[in-house]
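# Okay, predicted coordinates and the sequence, questions at the end:
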Amino acid sequence: MSTFISEPGTRLGGRYRLEDRTDASSGWAAWKAIDETLARAVTVLTFARGFPRIADAVTAARAASRLTDARLAQVFDVEEDWDHAYVVMEWVGGDSLDDLLADGPLDPGQGAEIIAQSAEALACAHAAGVAHLCLTPGSLRWTAGGGVKIVGLGIDAALAGVTADDPALADTQSLGKLLYAALTAHWPGGEWPSLPPAPEVDGHPRSPRQVRAGVPAGIDEVCCQVLLPDGHGGHGGHHGPPLTTPATLAAALNRVMPAPAAPPPITSPRGYPTALDGDGRVSGPPYRQSRADGPPRRGSRGRNTMPGGRPPVTARVMASIAVVLVVAAAGVGVWILGHHGGTPHVHNTPSQQPSHSAPPLKVLRPDSAAAFGPGVGGGDNAAQAPLAIDNSPATDWTTDSYRTSPHFGNLYDGTGLVLDMGKQITVSSVTVTFGPAAGTHARIEVGNDNSGTAPNGATTLGRTTNAAGPVTFTGHPVTGRYVFIWFTKLAPQQGSAGHYQADVFNVVVKGPS
């Protein structure tokens, strides 16, 4: 088999036009190209004449093409003609882990999320008999849609001639190094061109918590179970067995990733949120209405009317207990004052200036809500999108019901809602009332472009990795016209084993008055 490295403008297979060379080594080159038939960008790998590992690369590409996990960059086409072999793959935009670490370590929760998603995807690949074996910070991409893409699965190893006696262990240890880098912006056990080496003790890297303050103990522990299974590096010993497969690493990270700091949802006896007032606070008795104004939507569950009325007995008992506690507290306060000689004296200082406080926030009403994403018609369940902003927790919008995987059935990187505020506004907080099932991963993005299938160019206000019930997203105020509620992982669908879905009952946007 012989072939050639092409030049810009070359058209392969009558449809793939090479544009820019993005990477190269002795014997091969990677190109950004245009698939003129489907009008989309692709990556094309071409080979030099006589390159000895063409057959290995083609075999690896064919193996990778059979995988369907959306977090693995797809292989679209493989040509192995005797004079012009090439491989056509998905063009993956976004930032690599290398790019993300250019400004320092990541938020520990985000770093753990990236590696957990990568480990889940590689676990699927290993189950099909395909390993990566060449994972680097450039292999993981954080896409505009807020999901992970792994590039070079099997192919990078074939190009470099890399093999391993235990592929699962090799990929897991590489993921451990990437987790360490994400947490500390240091590279453990050697050197990486863009990162300083990890500090060591007795020839072993120190644990992430010893390098950077603020790394949660659970995430630190998981990293050490991969890289320091014998308690080296000043870690002082650990609990739990070594992690030696991507599947066990993913499970361990998912157990320890921090949950959002949000109050537990207040639910009705059937598990649905109670009524909310205009500021997103709970008010009134629980109720649930059925939809009688249209045909059944895709992926909808059977839902019956739950009439309103008096609060349940449990709620009335709890209210009575609360009254008793308030009266008791008041009595204790009177007793304390009586034993301290009456009302304490308060010193007033007229010359002091009043403290400056943040400007008050007000509710900002969206003009409209629309489904947003790569699904059929531009998003899931488009007709129900306005129900997310009707200020009624009796009605809701959901994503489609996806089978097989919480990552949208391995079809997309994400999907969600977009709220059109009608003009540029400053957003300080967004409260979203999700469904009662925990496990939804979501981000709030604010931007000025809703023309694509992901919130491109938007700024993240906040994120959550285990949403259920009301969650308030806050951060530095962000300015833009559109507010995106972008899902990157779905919760298990109640009552439907093996199905996944996200649910939004209400959205409240607030900004400076």
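Perfect, thanks for sending it.
# any weak-confidence spans in the stretch 351-500 of the chain?
351-359, 375-377 (pLDDT under 70).
# Now do the strands in it.
361-364, 368-372, 397-398, 402-403, 415-434, 440-447, 459-467, 470-489, 491-492, 499-501 (DSSP state E, counting those that start in this stretch).
# Which one of the ones you listed lies nearest to T184?
Among the strands of the stretch 351-500 of the chain, strand 459-467 comes nearest to T184, with 20.3 Å by C-beta to C-beta. Using the backbone N, CA and C atoms, a C-beta is placed for each residue, glycine as well.
# sorry, back to before: okay, the strands of the stretch 351-500 of the chain in JSON lines with distance to D165 and mean neighbour count next?
Listed next are the strands of the stretch 351-500 of the chain as JSON lines, based on distance: least, C-beta to C-beta, whole Å; neighbours: other C-beta atoms under 10 Å:
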{"stretch": "strand 361-364", "distance to D165": "59", "mean neighbour count": "16"}
{"stretch": "strand 368-372", "distance to D165": "46", "mean neighbour count": "20"}
{"stretch": "strand 397-398", "distance to D165": "47", "mean neighbour count": "26"}
{"stretch": "strand 402-403", "distance to D165": "36", "mean neighbour count": "18"}
{"stretch": "strand 415-434", "distance to D165": "41", "mean neighbour count": "21"}
{"stretch": "strand 440-447", "distance to D165": "35", "mean neighbour count": "25"}
{"stretch": "strand 459-467", "distance to D165": "35", "mean neighbour count": "21"}
{"stretch": "strand 470-489", "distance to D165": "33", "mean neighbour count": "21"}
{"stretch": "strand 491-492", "distance to D165": "37", "mean neighbour count": "20"}
{"stretch": "strand 499-501", "distance to D165": "36", "mean neighbour count": "23"}
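# out of those, nearest to I389?
strand 368-372 (4.7 Å).
# export that closest one as PDB, just CAs?
Provided in PDB are the C-alpha atoms of strand 368-372 (Å, rounded to 0.1, in the frame of the first residue of the first chain):
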ATOM      1  CA  SER A 368     -40.100  34.100  24.900                       C
ATOM      2  CA  ALA A 369     -38.600  30.700  25.400                       C
ATOM      3  CA  ALA A 370     -37.600  28.200  22.700                       C
ATOM      4  CA  ALA A 371     -36.100  24.700  22.500                       C
ATOM      5  CA  PHE A 372     -32.500  24.900  21.500                       C
END
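# Quickly run through the sheet partners of that strand, with directions.
Next to strand 368-372 in the sheet, as set by DSSP bridges, lie strand 415-434 (antiparallel).
# Between strand 459-467 and the strand it pairs with, find me the angle.
60 degrees (axes from the mean of the first three to the mean of the last three C-alpha atoms, to 10 degrees).
# How far off centre is the helix or strand hosting R17?
Under the criterion of DSSP states H and E, R17 resides in strand 16-25. Offset of strand 16-25 from its chain centre (C-alpha atoms, centre = their mean, to the nearest Å): 30 Å.
# Please find the angle between the direction vectors of the helix or strand just after it and strand 16-25.
Toward the C-terminus, strand 16-25 is succeeded by strand 28-35 as the next helix or strand (DSSP H and E). On the basis of the same axes, to 10 degrees, strand 28-35 is oriented at 160 degrees to strand 16-25.
# got a list of contacts for strand 28-35?
For strand 28-35, contacts defined as C-beta atoms under 8 Å, 6 or more residues apart in numbering pick out 5-6, 12, 15-24, 40-48, 51, 57, 76, 88, 91, 159.
# repeat that for 6 Å
5, 15-23, 42, 44-47, 159 (C-beta atoms under 6 Å, 6 or more residues apart in numbering).
# same for the helix or strand just after it, what does it pack against?
Using DSSP H and E, the helix or strand that follows strand 28-35 towards the C-terminus is strand 40-47. Applying 3 or more C-beta pairs under 6 Å, 6 or more residues apart in numbering; DSSP states H and E, we find strand 40-47 packed against strand 28-35, strand 86-90.
# how distant is the longest one from the center of its chain?
To tie it back to what came earlier, the one meant is strand 28-35. 29 Å.
# tell me which residues in that strand are buried?
28-31, 33-35 (16 or more other C-beta atoms under 10 Å).
# who does it pair up with?
Strand pairing for strand 28-35, determined by DSSP bridges: strand 16-25 (antiparallel), strand 40-47 (antiparallel).
# Going by residue numbers, what spans are helices in the stretch 1-150 of the chain?
Per DSSP state H, counting those that start in this stretch, the stretch 1-150 of the chain carries helices over the ranges 54-65, 97-100, 108-127.
# Of these, give the one that comes closest to L195.
Of those, nearest to L195 by C-beta to C-beta is helix 97-100, at 8.3 Å.
# quick one: average pLDDT of the closest one?
The average pLDDT for helix 97-100 rounds to 92.
# Sort out which one of the contacts of strand 28-35 lies nearest G145 for me.
Using C-beta to C-beta, V42 comes nearest to G145 of the contacts of strand 28-35, at 17.8 Å.
# Correct me if wrong: the closest one contacts V87.
No. The criterion here is C-beta atoms under 6 Å, and V42 misses it with V87 at 10.1 Å.
# Neighbour count for those two, which is higher?
Neighbour tally, V42 and V87, criterion other C-beta atoms under 10 Å: the higher count belongs to V87, 26 against 20.
# Now do the contacts for the more buried one.
Residues in contact with V87 (C-beta under 6 Å, 6+ apart) are 45, 61, 78.
# coming back round to it: for T136, state which of the buried residues of strand 28-35 is nearest.
Distances from T136 to those, taken by C-beta to C-beta, are shortest for A30, at 14.4 Å.
# ok, the residue lying closest to the closest one once chain neighbours are set aside to T453 distance?
Excluding the flanking residues, the one nearest A30 by C-beta to C-beta, 6 or more residues apart in numbering is D23, at 4.2 Å. For D23, the distance to T453 equals 27 Å [C-beta to C-beta, to the nearest Å].
# circling back: now, of the strands paired with strand 28-35, which is deepest in the fold?
strand 40-47 (a mean of 21; mean count of other C-beta atoms under 10 Å).
# Now do it and helix 54-65, the angle between them.
Relative orientation of strand 40-47 with respect to helix 54-65: 150 degrees, computed using the same axes, to 10 degrees.
# Can I get strand 40-47 in PDB? Just the C-alpha atoms.
Extracted in PDB, the C-alpha atoms of strand 40-47 (Å, rounded to 0.1, in the frame of the first residue of the first chain):
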ATOM      1  CA  ARG A  40     -19.300  20.400   7.000                       C
ATOM      2  CA  ALA A  41     -15.800  20.600   8.400                       C
ATOM      3  CA  VAL A  42     -14.000  17.300   8.900                       C
ATOM      4  CA  THR A  43     -10.600  16.100   9.900                       C
ATOM      5  CA  VAL A  44      -8.700  14.200   7.200                       C
ATOM      6  CA  LEU A  45      -5.600  12.100   7.900                       C
ATOM      7  CA  THR A  46      -3.300  11.400   5.000                       C
ATOM      8  CA  PHE A  47      -0.100   9.400   4.700                       C
END
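# Name the helix or strand for Q225, please.
helix 217-227.
# pLDDT of that helix, averaged?
What helix 217-227 shows for mean pLDDT is 94.
# Could you pull up the mean pLDDT of whatever helix or strand comes next after it?
With elements assigned by DSSP H and E, the helix or strand that comes after helix 217-227 is helix 246-256. Averaging pLDDT along helix 246-256 gives 93.
# how deep is P199 tucked in, by neighbour count?
Using other C-beta under 10 Å: P199 sits among 14 other residues.
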